[in-house]
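Visitor: any chance you can model this:
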Amino acid sequence: MRYHLDLHVHSIFSADGISLPEDLIAEAKRKGLHGFAITDHNTCEAVEYMVDRGLMRRDGLPVDGFLILPGVETTTAEGHLISLGVTLPNLKGTPAAEIVDRTHDLGGLAIPPHPYDMFRAGIREKVLDTLALDGLEVFNAATTFKRYNRRAFEYAKSRNLAMTAGSDAHHASAIGTAYTIVETDNFSVSGVLRQILRSTEWQERYSTPKDFIRKTWNNWLRLKDHKPVA
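Guide: Below you'll find the predicted structure:
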């Protein structure tokens, strides 16, 4: 069966995210997604939050047919790196090579997002060349310029890396703007990770100016109010 999964999603547990996990799940289901990866910046608190509330499982199986993959987007010393399928502590500032090794030790996939986006802390090519990567995000719906996605695709193709796509949603309404398509008979975290390495397709659609305005406005309101997560 083919599954549609947004592999780059942020919740309120990210410093710049504004949506609760429950809202992300509801919107993803409304848009017909079969799941998503929670990839907050430098924290896996959302994973614990969802497990505690029965929204995801530690054994990597779906809940009511909906699968949430654990993950984290670490701000490494050289730029952003998604560790997919695992949880990590806050390792901000750690060299990317060390994050890759730790990800592999835990059985996850190391996938840099928006690698050529010079405005959004993408890892540069000279560093990518040195890393034992599993894949590359070749379509980021929120990329600054479309050419950055094209360059990511060409680089992934040149190294025969797995290819993923994601919305980079920081609010629920943006989830599923872009997503990865996997075909597997094992709809679980481990099954999806294996299929990502074998073959993927993806849906391409870019975030709208309204999405960017909403993110900026809501982030300002959140900082102003200093609202904690319940």
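Visitor: C-alpha only now, for contacts and for neighbours.
Guide: Noted.
Visitor: which intervals of the chain have sub-threshold pLDDT?
Guide: 209-230 (pLDDT under 70).
Visitor: which strands and helices sit next to the lengthiest strand in it?
Guide: Assignment by DSSP state E gives strand 67-76 as the longest strand of the chain. For strand 67-76, the elements it packs on are strand 35-38, strand 79-84, helix 189-198, judged by 3 or more Cα pairs under 8 Å, 6 or more residues apart in numbering; DSSP states H and E.
Visitor: now Leu7: which helix or strand?
Guide: Here Leu7, judged by DSSP states H and E, is contained in strand 2-9.
Visitor: give me the angle between that strand and strand 79-84.
Guide: Using axes from the mean of the first three to the mean of the last three Cα atoms, to 10 degrees, the inter-axis angle of strand 2-9 relative to strand 79-84 is 140 degrees.
Visitor: buried ones in strand 2-9?
Guide: 3-9 (16 or more other Cα atoms under 10 Å).
Visitor: that strand vs strand 67-76, what angle?
Guide: 30 degrees.
Visitor: would you pull up how far strand 2-9 lies from the middle of the chain?
Guide: Distance of strand 2-9 from its chain centroid, counting by Cα atoms, centre = their mean, to the nearest Å, is 9 Å.
Visitor: what's the helix or strand just after that strand in contact with?
Guide: Proceeding N to C from strand 2-9, the next assigned helix or strand is helix 21-30, under DSSP H and E. Contact with helix 21-30 is made by 11-12, 34-36, 46, 50, 171-173, 175-176, as judged by Cα atoms under 8 Å, 6 or more residues apart in numbering.
Visitor: rewinding a little: who are the packing partners of the strand holding Leu7?
Guide: Looks like strand 2-9 contacts strand 35-38, strand 162-166, strand 179-183 (3+ Cα pairs under 8 Å, 6+ apart).
Visitor: just say which of these is most tucked in.
Guide: Mean neighbour count, computed with mean count of other Cα atoms under 10 Å, is highest for strand 162-166 among the helices and strands packed on strand 2-9, reaching a mean of 28.
Visitor: rewinding a little: determine which two of the contacts of helix 21-30 are furthest apart.
Guide: Using Cα to Cα, the pair of the contacts of helix 21-30 lying farthest apart is Ile12 and His34, separated by 21.0 Å.
Visitor: my guess is Leu91 contacts Ala77. True?
Guide: No: between Leu91 and Ala77 there is no contact under Cα atoms under 8 Å: 9.7 Å.
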